[in-house]
Every structure is written in structure tokens, then in C-alpha cells.
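Undergrad: Just a sequence and a predicted model for now, questions to come.
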Amino acid sequence: MLGSPSLRLVGKRLLMAVPIVLGVSILTFWVLNLIPGNAAQQLLGPEASPDQIQQLEEEMGLNRPQVVRYLDWLGGAVHGDLGTSLVSRQPVTDELGPRLAVSGEVVGLAFLISLGLAIPVSLLAARWPNRMLDRISMVVSTTGLSVANYVFALLLVLLFAVQLAWFPAIGYTPLSESVTGNLRSLALPAIAIAFPLFCFYTRFLRSDLVDQMQGEDYIMTARAKGIGPWQVLLRHAFRNSAFGLITIVGLNLSTLIGATVIIEQIFALPGIGQMLLQAINTRDFIVVQACVIVFAIITVLANLLADLLYAVLDPRIRYGSN
Amino acid sequence: MAVTEVPASSVLAVDETAPAPARKWLRSLAIGLPAGLLVLIFGACFVLPLVAPIPKPTGGDVLSSSLPPFSPGHLLGTDPNGNDIFSRILYGGRSSLIVAISVNLLGLALGGSLGALSAHFGGAVDTIIMRVLDVFIAFPSLVLTLAVAQSLGPSQRNTIFALAFFSIPAFARISRAATLRLREQPFMVAAKLSGTSTWRILVRHIAPNIGPQLMTFAMLGMGIIMIIEGALSFLGLGIPPPAPSWGNMIAQGQLSLSATPLLVVWPSLALFLTVIGFNQLGEALRARWSGR
């Protein structure tokens, strides 16, 4: 389906993403090396003698210049080796897989819930602007955007786990153990992440749809042709708004990743956010570095995917105006 | 109904130079209400502890721990350490607001001038600055803020630095876009042709024109920073206890969520009211600037 101009566009974007990911890795490496108490000290505890620390540093190669260590790390990273955890002494890459799966499942569910609600709600609101449903959805989404996600998560726990006991407050049931148990354990975290997203998408989509329905010439043409209001809304206005929505979803992903760190901490989910936080607290900078890079790559890829979807959906880009 | 209404207004071009008095009143209310709320919050956090007999936020007495709300001398009761909750809310708000204001001022000053310079000079300077900022923007900000906060050690000053790291690129982008739009304006061309110095152009011509836009963003930025600062403190990487902050009060309250939910409710409510105040003010200002 893809014509060659769009392939070229994707290739160009992919090339542009490489320096960004490299930049992120350099930045992370630099910031993590600012840590005053170094890793060897941390591992050996406060009673370690300077000799012991020096010995361990040599063993782990920490006494080499930063640039050498960075290039060494980069060489491994390109081959999928992100180093060995200083604390568990296990290869980081092995641990990342299952943890990414947990985080991915939560984030995926959150996307499903937020988009699954935001799209119909905004369509209904834009179909009858300033009516009851529109007003309610605007108040909810405006208010919701001012609620911190950790506050919302605790409210959910208080209401649905403590008071009503419908869902477990914390913990994770793997999918292989029980499907319903898995969904029950992920329901509250997914809703906690989804709610602010829902508010954000609804606000954007509703106002974009209303603006188009009231101001654009092609909408008036469509109406003049005698097309029904729902058809105009879905076929003409929504199709246009979808582009903005895709950009926003892509841009939002880095905020979303930040949210998983807090939400996984509150609900004790064994995801990558929890892994990062544990590594930060134990100063396991190899793991921190790996997690940050994974986050950065996901963010860059998500934006790339948004560009690609654009190319697929918009004939002007697909057939290349460059 | 909507079908007949819309074309009519766009075809007949309703006289918009004289807005109905009710509309105007509503508009000033949209700015006045959140501004009033924020004045109240600032007053409570910064002035009230100076003039009213508010107990200390730390060093409470264990004998008077976990008192219910409306206890004598403790409006909202006390926490498990015997500290007055109302006082902790006020002092916590003070430190959260100081962090948010400092971060936004840093972002406004450094990011704003970086973006304006970048757009003004263009060419290689622009490319280099924007590529470096792209790296920061690609970053999941909370994630690196956590790493920075941990590597610098938790304290109020370090929280400000860690958060400023990410507010600067955002401000720079907005100021760059705004400056680019100005570049072709006649007065800018005239200033350049008459040999005005770069410094003078930046200070006298660019700054006053991009100022309102940056200020509006700073209002929205205040809300965002307050929430992220709360998250950092919530995770134990922001303002270290026993010093109060809304984030660490929520984290502390989480430990006894089912027994004493009010410990979470009070700081959450304070955070919510402050953030919605800033967000609504920012939105109202944006509507006002873009409406003209």
C-alpha cells in the first residue's frame, strides 16, 4: 500500500531519530555520573575501606575515563546488551522483557479505555454542542486535568478497593495464572492512567470537532448536499480531527511513561517503572541507564509511528508533496 | 437547530465589536475567579502563618497525635506525629509554590531568551540549539527528573534544578515559535534596517511582544510543575520529610489510607485547588489573547 515517498519519509524520520536517542544516552550517562556516592561505595556499604572500594572499582571498570566507559556501553547496547545489574548481578536485558510486558499491558489497557471513551463522548458532545452531555463532559475533563494522577489513583483505591472491595488494592496476577485475575489486578492502575488521558483527548477532540462543524466550508458543502448530520460529523469532521488526535497521542506518550512510574509504585506492579524506581533508590546506575534508554526509544518510536500513520491516512503526504 | 444557527451567524457577520454586557462580565469573571482563588491560596501560605497563631509544622508532640478535625487549636486535627495538619498544608504549600515559581521563572528567563535568540539568529545557531532541545523534549521528563533528583540528593534547591532542566526547553520552543512569527513584521524589519543593535531588538521589540504568550504558558506551567513536584516528593525524591510538602504529606497519608483517609484528602484538595486555579487562569488568559 505504501508508496515510495512515504517510505522515504519514514526513512528520513528514522535517521533523524538516531541522533536523538544517542543524545539521550549521552545525557543520561553524564547525569548518572554526577552521583556523589559512587556505585562501588554503595555496594560495599559505609564500612568499606578506600582500598576495597578501589579494588571493586577496578573490577567493574569504573575507574576508566567516562568517554571510554560510554563507548564501551554503547558498543554493548547496539548488540542488545545493556550491561549487568550492580545489585542483582543479572543481565539487565533479561529482566527488561517481562517488566516491559507488564507496563505495556497497563498502558495498552489505559489507551483502550481512554480512547474508547473519549471518541464517542466527544462525537456526542460535538453533535449537540452546549447541551447537557457537552457541558458535563467539559466540566469533567477540565476538572480532571487538574487532578494529579497519584491523587486520583489513591481515590480509586479508597473507593473501589477499601470501601467496595471490588478490586485488589495492590499486587499483580500474571496473565498465565488467571485471565480475570490479571484484568482485575490491572483495572485500577489502568483507569488511573486512563482518566487524565480521557480528559485530555475529550477536550481536544470536542473543541476541534465543534470548530470544524461551525467554521469549515467543506462541512457546509456537505450539509448543502443533504448529507445527514451524523455522516457529516463522522465522514468529514472526525476524519480530519483524527490527525490532530494521532499527534497528541504520540506526544503524550512521554507523559504517560512518567505516569507509569508513579502508578506502578502505588499499585506495586512489577513493571519497568517500578524497576527504574528501585534502581534509582539502590543507585544501580546500569539499570537506571537501561530503563531511561528504553523509555526514550519508546517515546521516539511512538512519535515516528504517529508520523507513519499520518502518511498512511493522508493522501497528500502519501503521494509526496516534498 | 444547530444547522440553521451556524450559517446564519457566519453569513450575516454579527457585530462583534460590541460584546453583550453579560458576555463581558462573564469573561472578566473567568479571569477574576481563578485569580482570586490564587490570591487566597498565596495569602494563606505566605501571610497567614505570619499574622495568625498557627502552630509549627514540624516537631509535634506525640501525646497529641492523630487528633480529629476541629480539635481545640488544631483546625484540621493532627497527623500521626502530632503535627498540626493545617499548618503543614500552609507550609507545604509555601515550599511547593516556591519551587513552582522558581522553576517557571528560570524557564521563562533562560528558555525564553534561548528560544528568542535561536529564532533571531537562525541558521546554524538555530539548528544546534533546537537539536539539543529536541533531545530534552524526547525525554520522558519525569524519568530523568527522578534520576537528576536522586543524583543531586533530595532538597528544595535540587528539586528546582531538576525540574528547570525540563521547563527550559518547553519555554524555548514557545518563545522560538513566537519570535519567528514576529520576524517578518514591518516594525521588526524597520528596526533591523535602521541598524538597531541585536540586544535592543531583543529587549525592546521581541520581549514585549512574546511576553504575554510566555506568561500564559507559565500559568499552565505552574500547574504542571506543582503536580510533578508533588510526584517527586510523593516518591521520596523531592522535599525530604519532616519538612512538609503536599506530595510527601500524600505519601505519608497513603500508609494509613483505609484508617485515616483525611490525611490524604487535605493535601490533595489543596493541590487540586491550586492547580485548577493556575490552569483556569492560564486558559482564560489564552482565550483573551487569542480572541483579539
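TA: In hand now; what should we look at?
Undergrad: rest of the way, CA atoms for contacts and neighbours
TA: Fine.
Undergrad: doesn't residue A:185 make contact with residue A:175?
TA: No: with contacts counted by C-alpha atoms under 8 Å, residue A:175 stays clear of residue A:185, the gap being 10.1 Å.
Undergrad: neighbour count winner among these two?
TA: residue A:185 (22 against 13; other C-alpha atoms under 10 Å in any protein chain shown).
Undergrad: Tell me the spacing between the residue of the stretch 101-250 of chain A found nearest chain B and residue B:145.
TA: Nearest to chain B in the stretch 101-250 of chain A, going by C-alpha to the nearest C-alpha, is residue A:146, at a distance of 5.1 Å. Applying C-alpha to C-alpha, to the nearest Å, the value for residue A:146 to residue B:145 is 21 Å.
Undergrad: Any regions of the stretch 51-200 of chain A where pLDDT drops low?
TA: For the stretch 51-200 of chain A, applying pLDDT under 70 flags the ranges A:60-63.
Undergrad: Spell out which residues of the stretch 51-200 of chain B are next to chain A.
TA: Within the stretch 51-200 of chain B, the positions adjacent to chain A are B:131-132, B:134-136, B:138-144, B:146-148, B:150-152 by C-alpha under 8 Å from any C-alpha of the partner chain.
Undergrad: Weed out the non-buried ones from those.
TA: Buried subset of these (neighbour count, 16 or more other C-alpha atoms under 10 Å in any protein chain shown): B:134-136, B:138-144, B:146-148, B:150-152.
Undergrad: Dump stretch A:87-95 to PDB, keeping only the CA atoms.
TA: What follows is stretch A:87-95, C-alpha atoms only, in PDB (Å, rounded to 0.1, in the frame of the first residue of the first chain):
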ATOM      1  CA  VAL A  87      22.700  -5.200  42.600                       C
ATOM      2  CA  SER A  88      21.300  -8.500  41.300                       C
ATOM      3  CA  ARG A  89      24.300  -9.200  39.100                       C
ATOM      4  CA  GLN A  90      21.900 -10.400  36.300                       C
ATOM      5  CA  PRO A  91      22.000  -9.100  32.700                       C
ATOM      6  CA  VAL A  92      19.600  -6.100  32.500                       C
ATOM      7  CA  THR A  93      18.200  -7.200  29.200                       C
ATOM      8  CA  ASP A  94      16.800 -10.400  30.700                       C
ATOM      9  CA  GLU A  95      14.900  -8.500  33.300                       C
END
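Undergrad: what's the spacing between that stretch and its chain's center?
TA: 23 Å (C-alpha atoms, centre = their mean, to the nearest Å).
Undergrad: got it, and stretch A:107-121?
TA: 14 Å.
Undergrad: can that stretch be found next to chain B?
TA: No: Stretch A:107-121 is not in contact with chain B by C-alpha under 8 Å from any C-alpha; minimum separation 14.7 Å.
Undergrad: Equivalent analysis for stretch A:298-317, please.
TA: Yes: using C-alpha under 8 Å from any C-alpha, stretch A:298-317 reaches chain B at A:299-300.
Undergrad: Only the buried residues of that stretch, if you could.
TA: A:298-308, A:310-312, A:317.
Undergrad: Sketch out the low-pLDDT regions of the stretch 151-292 of chain B for me.
TA: In the stretch 151-292 of chain B (pLDDT under 70), the answer is B:290-292.
Undergrad: Which residue would be the closest one in it to chain A?
TA: Closest point on the stretch 151-292 of chain B to chain A, by C-alpha to the nearest C-alpha, is residue B:151, at 4.3 Å.
Undergrad: That residue against residue A:32, yeah?
TA: Yes: with contact defined as C-alpha under 8 Å, residue B:151 reaches residue A:32; the gap is 6.5 Å.
Undergrad: And the helices in the chain?
TA: Defaulting to chain A. Using DSSP state H, the helices of chain A run over residues A:4-32, A:39-44, A:50-60, A:66-78, A:92-127, A:132-144, A:149-156, A:179-215, A:217-224, A:229-231, A:239-267, A:272-281, A:285-313, A:315-318.
Undergrad: hm, I was asking about chain B
TA: Counting by DSSP H, chain B has helices at residues B:2-12, B:21-42, B:48-51, B:85-106, B:112-121, B:123-138, B:141-152, B:156-183, B:186-193, B:198-200, B:207-234, B:246-254, B:262-291.
Undergrad: So for residue A:25, which of those helices sits nearest?
TA: helix B:123-138 (9.5 Å; C-alpha to C-alpha).
Undergrad: How many residues are close by the residue of the stretch 101-250 of chain A closest to chain B?
TA: Residues near residue A:146, counting by other C-alpha under 10 Å: 23.
Undergrad: again, but for residue A:189
TA: Neighbourhood size, residue A:189 [other C-alpha under 10 Å]: 27.
Undergrad: Spit out the contact partners of it.
TA: A:106, A:153, A:263-264, A:267 (C-alpha atoms under 8 Å, 6 or more residues apart in numbering or on different chains).
Undergrad: Great, nothing more from me.
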